[in-house]
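# here is my input, please return the structure:
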Amino acid sequence: MAHYRINRISEEIRKEVSAIIRSDVKDPRIAELSSVVKAEVTGDLRYAKIYVSVLADDEARKSTLEGLKKAAGFIRRELGRRMDLRYIPELQFVSDHSIEYSVEISKKLNELNLNRENQDEN
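Reported below is the predicted structural model:
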């Protein structure tokens, strides 16, 4: 299967899974500040890794992943209703720390800029 088609399907799955989690999944374990960052679908469309970022502590991250793993069947069924694919991939949810890392880097850069401005004033 063409690589560009897999990328398009992955992006569409990412959008749909994000919408399903936001609007249809009612599990209280899933944190409000969680987002689907990326989806990777295998070439045969049988499996998909869904990378989820949670802006909370480790306990909330673990409970969110647990809630998503329990709701994977429901999410897969809803995905099948929304997308016209021969095979709806089996979903595997993985924690992603890229957003938290970028926020941390941004804070450090802001601190460096403040320190530089303070040194320039003196």
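# where does pLDDT dip in the protein?
1, 122 (pLDDT under 70).
# regarding it, what is its longest helix?
helix 98-121 (DSSP state H).
# what's that one in contact with?
Residues outside helix 98-121 that contact it (C-beta atoms under 8 Å, 6 or more residues apart in numbering) are 35, 37, 53, 55. All C-beta atoms are positioned from the backbone trio N, CA, C, and that covers glycine.
# weed out the non-buried ones from those residues.
The neighbour count (16 or more other C-beta atoms under 10 Å) marks 37, 53 as buried among the contacts of helix 98-121.
# and which of the contacts of helix 98-121 is nearest to residue 71?
residue 35 (15.8 Å; C-beta to C-beta).
# ok, the closest one touching residue 19?
No - with contact defined as C-beta atoms under 8 Å, residue 35 does not reach residue 19; the gap is 11.5 Å.
# number of nearby residues for residue 13?
Residues contacting residue 13 under the criterion other C-beta atoms under 10 Å number 24.
# residue boundaries of the strands in the protein?
Taking DSSP state E, the strands of the chain run over residues 34-41, 47-54, 90-95.
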